[in-house]
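Asker: build the 3D model from these lines:
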Amino acid sequence: MASAEVMTTQYLETHGCSVGDARSWNPYCKRRHDLFGFIDLVALHPGRCMTIAIQATIGMNNRPARHKKIAESKEALDWVKSGRDNSIQVFTWRKIKAIRHDGKKAKREIWKPVIDEIYFDRITLKIVRDDDIEWSE
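Answerer: Okay, the predicted model is just below:
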């Protein structure tokens, strides 16, 4: 199984984004630290002229903790205010049953993201499926 960051990077790159790992490695405690305490990845989408701060995780149980982490971060508010097209997204990866060509569910499971865009007046939850993607130019 690939990590949430690897799956998110692959997903974004297939939709035209340039993606970079924003975490740093601390060799003393042997842990990665998020940029500004909440950013795992930074993505640039040239077609939409936007910069996206991304928090990536696996499992729907982790999703509320990621929202809380961002909501409590002063730097998250600064990120959004610092650029007109800056945004923050949470990618939560979950396994779902694959759909066969005849429309029935297959035994095989595939990883799919639930993508939440974070706003500071509210949290907008939006599930993005491959056929619903608005990433193209």
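Asker: contacts and neighbour counts: CA atoms only from here.
Answerer: Fine.
Asker: for stretch 25-35, what is the distance to the chain centroid?
Answerer: 20 Å (Cα atoms, centre = their mean, to the nearest Å).
Asker: and the gap between the residue lying closest to residue 50 once chain neighbours are set aside and residue 47?
Answerer: The spatially closest residue to residue 50, leaving aside those adjacent along the chain, is residue 85, at 4.9 Å (Cα to Cα, 6 or more residues apart in numbering). As judged by Cα to Cα, to the nearest Å, residue 85 and residue 47 stand 12 Å apart.
Asker: so where do the strands sit in the chain?
Answerer: For the chain, the strands defined by DSSP state E cover 18-21, 24-26, 31-33, 41-45, 50-58, 86-99, 105-118, 123-126.
Asker: report pLDDT for the residue sitting furthest away from the middle of the chain.
Answerer: Computed with Cα atoms, centre = their mean, the residue of the chain farthest from its C-alpha average is residue 102, at 30.7 Å. Note on residue 102: pLDDT of 84.
Asker: ok, now residue 134?
Answerer: 49.
Asker: next one: residue 47
Answerer: 79.
Asker: residue 29 now?
Answerer: pLDDT for residue 29: 90.
Asker: quick check: it vs residue 94, distance?
Answerer: The gap separating residue 29 from residue 94 is 29 Å, by Cα to Cα.
Asker: the more surrounded of these two?
Answerer: Counting neighbours by other Cα atoms under 10 Å for residue 29 and for residue 94 shows that residue 94 has the greater number, 16 against 7.
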